[in-house]
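J.: Predicted coordinates and the sequence they were generated for:
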Amino acid sequence: MDRNALRAIVALVFATLVASCSDADPIGPVEDKNSGGTGNETLLVVAEVDLELNPGGFVADFVVDVEDGSGAAVSGAIVTIVWDRETVTLQEGGTAGLYTAAVNGAASGDLKLDVVKDDMYVRDVVLGNIGIHEILEPQPDETIPANQPLTVSWVSDLKAQSASLFSPDWDFDVDDSGEFVVPADVNDPTSSTWIELERYNEVEITGGLSGSYFLLEVEYRVEGLTVAAPL
């Protein structure tokens, strides 16, 4: 079986996997699932979920920063995020108003955020799940011709609201269409580099103070790349 045929099979299998992970409607835009929730505009809530593929599998890091209208940190709040259909309670650590948690594995179903402190609250903030993704080309440890256009291709489930593609030497905001061509003039020779694709979905928390948002960021990195000049 040639390399292109093998990658086509990988793409099909992976697309089936991510579809089961996101459990989302593949027809409508993912942001159609977003909802700013409700609240009494007393809390500034900045909530981020970062899903990254590590050697042992996917790990989701949750970070929620909570302040009141004066900018003071809000301690003692009850902060929960529904992830993979289970409620995760975030804990306040050594930094007042900063709530964190970590969970192994990607999620099926959309995300939901609640933050409550006495009579201050935001509730039922929903963020559409964009699923996971994989970079198909280039492959890890591959040698890439320098000073030539570089096609980066990937497979994912729903089209994300926005995406970024970058390396130590360049970065681009890209459309989550499954392919982007890196221009030749930035594809310089290097003995060791990597390429990372980050995909995002974000919703404004309408019941929070101005600047409140809930963000999902999904990351995938290809490492061990060599960009070599022609002999």
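T.: Now that the structure is in, tell me what you want to look at. As the structure is a computational prediction, the values presented were derived from the model and not from experiment.

J.: now stretch 36-45: mean pLDDT?
T.: Mean pLDDT, stretch 36-45: 97.

J.: in it, what's buried?
T.: By neighbour count, and taking 16 or more other CB atoms under 10 Å as the criterion, the buried residues in stretch 36-45 are Gly36, Gly37, Gly39, Thr42, Leu43, Leu44, Val45. For every residue, glycine as well, the C-beta is placed using N, CA and C.

J.: end-to-end on that stretch?
T.: Using CA to CA, to the nearest Å, the end-to-end distance of stretch 36-45 comes to 12 Å.

J.: And stretch 92-108, by the same measure?
T.: Start to finish, the residues bounding stretch 92-108 are 26 Å apart (CA to CA).

J.: in it, what's buried?
T.: Within stretch 92-108, the residues scored as buried using 16+ other CB under 10 Å are Glu92, Gly97, Leu98, Tyr99, Ala101, Val103, Ala106, Ala107, Ser108.

J.: Can you check the pLDDT for the last one?
T.: Confidence per residue is given as pLDDT, and for Ser108 that number is 88.

J.: looking at it, it is touching Arg85, isn't it?
T.: Yes. Ser108 is within contact range of Arg85, at 6.6 Å (criterion: CB atoms under 8 Å).

J.: can I see the domain layout of this protein?
T.: Taking automatic domain parsing as the domain assignment, the ranges for the chain are 14-130+202-220, 134-196+223-228.

J.: Pick the most deeply packed of these.
T.: domain 14-130+202-220 (a mean of 18; mean count of other CB atoms under 10 Å).

J.: Leaving out sequence neighbours, find the closest residue to Glu223.
T.: On the basis of CB to CB, 6 or more residues apart in numbering, the spatially nearest residue to Glu223 that is not a chain neighbour turns out to be Trp194, at 4.4 Å.
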